[in-house]
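K.L.:
need a 3D model of the sequence below.
(4 chains)
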2 protein chains.
Amino acid sequence: MARPSDAKARFIDTAVILFRERGYHGVGLAEIIAQAKAPKGSFYFHFPGGKEELAECAIRYAGGYLPYMLQKSLRDAPDFRTGIEALVGHLARAFEASNWTKGCPIASILLDTAPYSERLSQAIRSVTDEWITAFGEATRRFDLGEDPRALAMRILVSLEGAWIMARIFKSREPFHEAVDMIVAGHAISGAPPQPASAG
Amino acid sequence: MARPSDAKARFIDTAVILFRERGYHGVGLAEIIAQAKAPKGSFYFHFPGGKEELAECAIRYAGGYLPYMLQKSLRDAPDFRTGIEALVGHLARAFEASNWTKGCPIASILLDTAPYSERLSQAIRSVTDEWITAFGEATRRFDLGEDPRALAMRILVSLEGAWIMARIFKSREPFHEAVDMIVAGHAISGAPPQPASAG
DNA sequence: GTAGTTCTATGGCGATCACCATAGAACTAC
DNA sequence: GTAGTTCTATGGTGATCGCCATAGAACTAC
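P.N.:
Below you'll find the model as predicted:
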């Protein structure tokens, strides 16, 4: 064999890109296979479940990126607000760099398929739950004075909404409004972390 | 003729319903025509521009509903917060009643097509602008102490995000978080309207 | 080197896609 | 009642959809 499962990764990468741009039904397998530069026959070897299995892999793969970015943004931030601004700012710049075509990799599939594909709905719920859990851990060192789960939900609501509105207006403004809403939500939350228990 | 353009309205109504559920590419014309109980040949008489023209009509038709609901909710509200709660509460209940399938009629088309269809992108931007304008007029009687356009953008960001997160979790909670973020954003904005200039 | 597994490569399946040509029915205007 | 317009009704187009059968190449294990 050429390389162990090199083609499979290319399939998933390509699927993430194209699904973000035009949704699940907006992209055909032919285009994915062509852009992945993989042979047509390889596809059903790596994904016996067909297009739906590919989409699930794409959801889980892409869904792992946001917790990573979250942890990276909050890890070195002096306070909560700065961390959130770094996170949202990064996502907004990436979105703009794609000419407002590549938004949330989850939402574009969600609106096309849920709840008609229980498999994909389940995968989306799964990665979203993971993000909320990751948020709770990443913000433990801040004293946010609020239920971290509710705060995580607010951030997701703001982010998803910003991705949509920014796509409509081709503007970063919705992301700025999102940040303002997040940090205003739990008031004067810019409180620095407790240095006492820092290890 | 049977009735003047009765079939055309059914086409649009059906399109709004199905596009909300599964997006632009997730629904075929055959299904729309069948569910509209209209003959196949009528379609291209009423929509020479094909599926894309139908989608534009659906966007503009459905897009007119939110300004209507906005005005209705804020008209009799004693204060801004109450009005927003009524608006969001109504949308959330309707969403739940559809078993979390019929969310924003705009977003599902947007994520499938923009920016690959300039026609649909333009239509979406148009109805969104109309909503922002309507918001400014509907809230003039409140002294919100904030740029109405920025506040309108916050509401749209919150609403769109809530529609997505509620679809994931099949829960009204995202809408509650959205309301909290909106009203917390401009602080103690529950101030009653000036009764002086009321006509 | 032979067997077995992994992956590539090609071709084509039935079904559905959006779209359109054509003919006739239903109604208005004169 | 005839002409003209509006709308219905049927049938079918080429293209693309997701899916799969089959064969062979590339590599590992013994």
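K.L.:
list the contacts for the residue of chain A found nearest chain B?
P.N.:
Across chain A, no residue is closer to chain B than A:Gly161, which sits at 3.1 Å (C-beta to the nearest C-beta). (C-beta placed from N, C-alpha, C; glycine too.) Applying C-beta atoms under 8 Å, 6 or more residues apart in numbering or on different chains to A:Gly161 gives the contacts A:174, A:178, B:156-162, B:164.
K.L.:
so which helix or strand takes in it?
P.N.:
helix A:148-169 (DSSP states H and E).
K.L.:
buried sites along that helix?
P.N.:
Counting neighbours by 16 or more other C-beta atoms under 10 Å in any protein chain shown, one finds that the buried residues in helix A:148-169 are A:148, A:150-169.
K.L.:
which non-adjacent residue is nearest the residue of chain A closest to chain B?
P.N.:
Distances taken as C-beta to C-beta, 6 or more residues apart in numbering or on different chains place B:Gly161 nearest to A:Gly161, at 3.1 Å, with adjacent residues excluded.
K.L.:
how's chain A carved up into domains?
P.N.:
Listed domain ranges for chain A are A:6-61, A:63-185 (source: automatic domain parsing).
K.L.:
so what's A:Phe135 closest to, chain neighbours aside?
P.N.:
Spatial nearest neighbour of A:Phe135, excluding adjacent residues (C-beta to C-beta, 6+ apart): A:Ala152 at 4.0 Å.
K.L.:
and the pLDDT for the one you found?
P.N.:
A:Ala152 is assigned 95 on the pLDDT scale.
K.L.:
is it true that it touches A:Glu130?
P.N.:
No: applying C-beta atoms under 8 Å, one finds A:Ala152 not in contact with A:Glu130, separated by 11.0 Å.
K.L.:
distance of the residue nearest to A:Gly161 relative to B:Lys37?
P.N.:
As judged by C-beta to C-beta, to the nearest Å, B:Gly161 and B:Lys37 stand 36 Å apart.
K.L.:
check A:Ala152 too.
P.N.:
45 Å.
K.L.:
now swap in A:Asp13 and tell me
P.N.:
Distance of A:Asp13 to B:Lys37, given as C-beta to C-beta: 44 Å.
K.L.:
who has more neighbours, those two?
P.N.:
A:Asp13 (15 against 9; other C-beta atoms under 10 Å in any protein chain shown).
K.L.:
for chain A, which segments are assigned as helices?
P.N.:
In chain A, the segments counted as helices under DSSP state H are A:6-22, A:29-35, A:40-46, A:50-63, A:65-75, A:80-97, A:107-113, A:118-138, A:148-169, A:173-185.
K.L.:
out of these, deepest packed?
P.N.:
Counting by mean count of other C-beta atoms under 10 Å in any protein chain shown, helix A:107-113 has the highest mean neighbour count of these, with a mean of 27.
K.L.:
which residues does that helix contact?
P.N.:
For helix A:107-113, the surrounding residues in contact (C-beta under 8 Å, 6+ apart) are A:19-26, A:55, A:58-59, A:120-121, A:124, A:160, A:163-164, B:22-23, B:25-26, B:103, B:107-108, B:111-112, B:164, B:167-168.
K.L.:
good, wrapping up.
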